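**Student:** need a structure here:
(2 chains)
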Amino acid sequence: MSAARPVVIVDYGRGNLWSVCQAVAAAGGAPCLSEAPAAVRDAERLILPGVGAFGDAMAGLRARGLDEAVRSFAATERPLLGVCLGMQLLLESSTEFGHHAGLALVAGRVDRLPTPDPGARDKIPNVGWCRLEPAAGGGPWSDSLLSAVKPGDFAYFVHSYAAHPDDPRHRLADIEFAGGAVAAAIAAGPISGCQFHPEKSGEVGLAILRAFVAQA
Amino acid sequence: MSTARVIARLDVKGPNLVKGIHLEGLRVMGDPQTFARRYYAEGADEILYVDIVASLYGRNNILEVVRRTAEAVFVPMTVAGGLRRVEDVRDALRSGADKVAINTAAVARPELIREVSEAFGSQCMVLSIQTKKIGPDRWEAYTDNGRERTGLDALQWAVRGVELGAGELLVTSVDREGTQKGMDLEFLAQITARVDVPVIAGGGAGTPEHAARAITDAGADAVAVASMLHYGKHTVGEIKARLAQADVPVRSSA
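**Tutor:** Numbering: from 1, shown residues only, chains lettered A, B, ... in the order given. Take a look at the predicted model:
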C-alpha cells in the first residue's frame, strides 16, 4: 500500500477548512494546511479553497504573498484544484461588488448568476444539490477529475456567481440554472476547478478528490 | 435546479443521541456518530445536530461531535442549540458545520440574525422556529425546546427573520414533535406562502408519506426527520422513493 499523497491546502484566513482536510484524507491524500508562500509554491499538489466575496479573498491572498505563490505553483504544471470561490479566483476577473482582478490562470471572467424568474424554484444564492451534466463543446470527462462521475450525478452548491471561461473546451460540466447552463467544473491542463463543494458532495465529491489525489 | 432535501436530525445531549416526545421525555439512543454515518450512507442530504441542553446550560460540547462526524460524513451539516454570538457561529463553522440554526438567541436579540448573515452569508443563517398552535390560524413561537413562550406570532416572526437576513427557516411543531402522527401541514402551508427562502419542515413525521406531504402538499423545501429513522422504522431511501413517486426531484445516491 502506497503512502498517502501530500496535498497542500491554501489557508488564507477565509473559510472553514476542517471539512476539506477530512475529505482529502478520506480520498487517500495527506492534507496539509499552509499559509506559507514557499510551502504553497513547492507543493506536490495544491487545493485553493474559498468562501465569501471575490475581492476580499484576493486581498487575503495578496496580503500573504499567496497570489504569486499560487501562480508560481501553477507554472510548474503540477495539479491545482480550485474549490467554490477558489475556482472563481483562477479566472481573470470578477464583477462581484465592483471589478476585481483574479489569478488569471484560466482565461475568462466571473459574473453574477442569471436572474431567475419571480416565483421560480431557482434562487440566488443557489444552495443545494444540482445535477452535473457535460458542458456543450466542453472537454471529455474520461481524462479529467470527473472520470468516475456519471452525467446526472449530484453535487452540493453554494454560490451567487459563476465562472465563464473564454474557451468552451475549458468548461467540463454545467448545471441547469434559471433555464440556462452555468459552469460547474472547469479544466485547463493540470488546473481544475469545482464550483460545488466536493467535500460536501458525498461519494461523488470523494470520487473527484480521489482522482485529484491520483493525478500525475 | 436543486432538489427537495431529506435531512436527518440528531438531538444530542452530552455524548448521546437522544429522542423525546414533544421535545421532552428523553430516551438515550446511542452514539450520534454511528447514526450520522448510517444516514449518510442511506443518502441523507444533510445532517442536523441539535444540542438540546446547550441553551439551558450554555454548553458547547456539540462541536466535538460535529468535528468527529466530519471525518466520515461528507454532506452539509447544520448545528443548533445554544449559539448566542457571532463567535459561537464561527466556532461551529470551523468545526465542520456549514450552517447554524438559531432560535433562543435570535428571539432575545433579533439583530443577531443580521450579524450572522452579514459575517458568513445568509445561506449559513437558519432561523429555527418552534411552534404551538394557539387558535384558528394562529401559532406562537416557542424557545428552549418548547418550554418557553415568546409572545411572538410565529408567522410574523418568520417574515421578520427573513427580512433580517435568515437564509432558511427550520420550522418544528412542538405539538407534533415525536408523536409520529404527521407534520403540521396547515402551518407549513401558511409559512411557505409568506417567505421566499427555503423552509425545512420538522416535527411529527412518522412515515415517509408524512414527510413527503410536507413537500408535496405544504410547499416545504426539505424535511427534517428523526424518530422514524432512529427507531429503524423507515429509511432515508424510503422517504426519497415516496417523493420521487410524486415527481418531486430528489438526489439519488449510488
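**Student:** For the chain, which segments count as strands?
**Tutor:** Using chain A here. Secondary structure of chain A (DSSP state E): strands at A:5-10, A:29-34, A:46-48, A:80-83, A:93-94, A:100-101, A:108-112, A:126-131, A:133-134, A:154-159, A:161-165, A:171-177, A:180-188, A:191-194.
**Student:** not what I meant, chain B
**Tutor:** Along chain B, the stretches classed as strands by DSSP E are B:5-13, B:16-21, B:24-30, B:46-51, B:77-80, B:99-102, B:125-135, B:138-143, B:148-153, B:168-173, B:199-202, B:222-225.
**Student:** Out of these, which gets nearest to residue A:190?
**Tutor:** strand B:77-80 (31.7 Å; C-beta to C-beta). All C-beta spots, glycine's among them, are computed from the backbone N, C-alpha and C.
**Student:** list the helices and strands that closest one packs on?
**Tutor:** Packed against strand B:77-80, as judged by 3 or more C-beta pairs under 8 Å, 6 or more residues apart in numbering or on different chains; DSSP states H and E, are the following elements: strand B:46-51, helix B:62-69, strand B:99-102, strand B:125-135.
**Student:** Any idea which of the ones you listed gets closest to chain A?
**Tutor:** helix B:62-69 (6.7 Å; C-beta to the nearest C-beta).
**Student:** Now render the strands of chain B as a markdown table, adding mean neighbour count.
**Tutor:** What follows is these, written out as a markdown table (neighbours: other C-beta atoms under 10 Å in any protein chain shown):
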| stretch | mean neighbour count |
| --- | --- |
| strand B:5-13 | 25 |
| strand B:16-21 | 18 |
| strand B:24-30 | 13 |
| strand B:46-51 | 26 |
| strand B:77-80 | 28 |
| strand B:99-102 | 25 |
| strand B:125-135 | 23 |
| strand B:138-143 | 21 |
| strand B:148-153 | 14 |
| strand B:168-173 | 27 |
| strand B:199-202 | 28 |
| strand B:222-225 | 27 |
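**Student:** In TSV: those, plus mean pLDDT and distance to residue A:199.
**Tutor:** Formatted as TSV, these follow (pLDDT from 0 to 100; distance: least, C-beta to C-beta, whole Å):
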stretch	mean pLDDT	distance to residue A:199
strand B:5-13	95	18
strand B:16-21	82	24
strand B:24-30	81	26
strand B:46-51	96	14
strand B:77-80	96	11
strand B:99-102	96	15
strand B:125-135	97	20
strand B:138-143	97	33
strand B:148-153	96	37
strand B:168-173	97	20
strand B:199-202	97	22
strand B:222-225	96	21
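**Student:** Distance to residue B:246 added to these, as CSV?
**Tutor:** Listed next are those as CSV, based on distance: least, C-beta to C-beta, whole Å:
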stretch, distance to residue B:246
strand B:5-13, 13
strand B:16-21, 27
strand B:24-30, 30
strand B:46-51, 20
strand B:77-80, 25
strand B:99-102, 27
strand B:125-135, 25
strand B:138-143, 26
strand B:148-153, 31
strand B:168-173, 21
strand B:199-202, 15
strand B:222-225, 13
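**Student:** which one of the strands of chain A lies closest to chain B?
**Tutor:** Of all these, strand A:126-131 sits nearest to chain B, with 2.9 Å by C-beta to the nearest C-beta.
**Student:** Just confirm yes or no for the closest one near chain B.
**Tutor:** Yes. Part of strand A:126-131 sits near chain B under the criterion C-beta under 8 Å from any C-beta of the partner chain, namely A:126-130.
**Student:** any low-confidence regions in the stretch 51-200 of chain B?
**Tutor:** Across the stretch 51-200 of chain B, residues meeting the criterion (pLDDT under 70) sit at B:55-60.
**Student:** ok, now which ones touch the closest residue to residue B:206 other than its chain neighbours?
**Tutor:** In space, and not counting its chain neighbours, residue B:206 is closest to residue B:180: 2.7 Å by C-beta to C-beta, 6 or more residues apart in numbering or on different chains. Taking C-beta atoms under 8 Å, 6 or more residues apart in numbering or on different chains, we find residue B:180 in contact with B:204-207, B:210, B:227-228.
**Student:** Report the separation between residue B:180 and residue B:221.
**Tutor:** 22 Å (C-beta to C-beta, to the nearest Å).
**Student:** same question, residue B:113
**Tutor:** Counting by C-beta to C-beta - residue B:113 and residue B:221 are separated by 19 Å.
**Student:** Give me the neighbour count for residue 89.
**Tutor:** With no chain named, the answer covers chain A. Neighbours of residue A:89 under the rule other C-beta atoms under 10 Å in any protein chain shown: 28.
**Student:** try again with chain B
**Tutor:** 23.
**Student:** before we move on, what about residue A:115?
**Tutor:** Neighbours around residue A:115, by other C-beta under 10 Å: 10.
**Student:** likewise the one 3 residues further on?
**Tutor:** In terms of burial, residue A:118 registers 6 neighbours under the definition other C-beta under 10 Å.
**Student:** What of residue A:62?
**Tutor:** For residue A:62, using other C-beta under 10 Å, the count is 13.
**Student:** what's the distance between it and residue A:147?
**Tutor:** Distance from residue A:62 to residue A:147, by C-beta to C-beta: 34 Å.
**Student:** Check residue A:48 too.
**Tutor:** Residue A:48 is 21 Å from residue A:147, by C-beta to C-beta.
**Student:** Likewise for residue A:201?
**Tutor:** Taken as C-beta to C-beta, the span from residue A:201 to residue A:147 is 16 Å.
**Student:** Could you check which of these two is surrounded by more residues?
**Tutor:** Shown here are residue A:201 and residue A:147; by other C-beta under 10 Å, residue A:201 has more neighbours (27 against 14).
**Student:** For that one, which non-adjacent residue is closest in space?
**Tutor:** residue A:155 is the one closest to residue A:201 (C-beta to C-beta, 6+ apart), at 4.2 Å.
**Student:** Please list all residues in contact with that neighbour.
**Tutor:** Per C-beta under 8 Å, 6+ apart, neighbours of residue A:155: A:129-130, A:132, A:184, A:194, A:196-198, A:201, A:204-205.
**Student:** again, only using 6 Å
**Tutor:** Neighbouring residues of residue A:155 by C-beta atoms under 6 Å, 6 or more residues apart in numbering or on different chains: A:132, A:196, A:201, A:204.
**Student:** picking that back up, quick check: which of the helices and strands packed on strand B:77-80 is nearest to residue B:197?
**Tutor:** Counting by C-beta to C-beta, residue B:197 lies closest to strand B:125-135 out of the helices and strands packed on strand B:77-80; the figure is 8.8 Å.
**Student:** who's in contact with the closest one?
**Tutor:** B:80, B:99, B:101, B:103, B:116-117, B:139-142, B:146, B:154, B:158, B:161, B:166-175, B:187.
**Student:** want to throw the helices and strands packed on strand B:77-80 into CSV with distance to residue A:161?
**Tutor:** Putting those into CSV (distance: least, C-beta to C-beta, whole Å) gives the following:
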stretch, distance to residue A:161
strand B:46-51, 23
helix B:62-69, 28
strand B:99-102, 20
strand B:125-135, 19
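**Student:** So for residue A:68, which of those sits nearest?
**Tutor:** Among these, helix B:62-69 sits nearest to residue A:68 (C-beta to C-beta), with 33.2 Å.
**Student:** Can you see whether the closest one contacts chain A, counting any residue in it?
**Tutor:** No. Shown here: helix B:62-69 not in contact with chain A (C-beta under 6 Å from any C-beta of the partner chain), separated by at least 6.7 Å.
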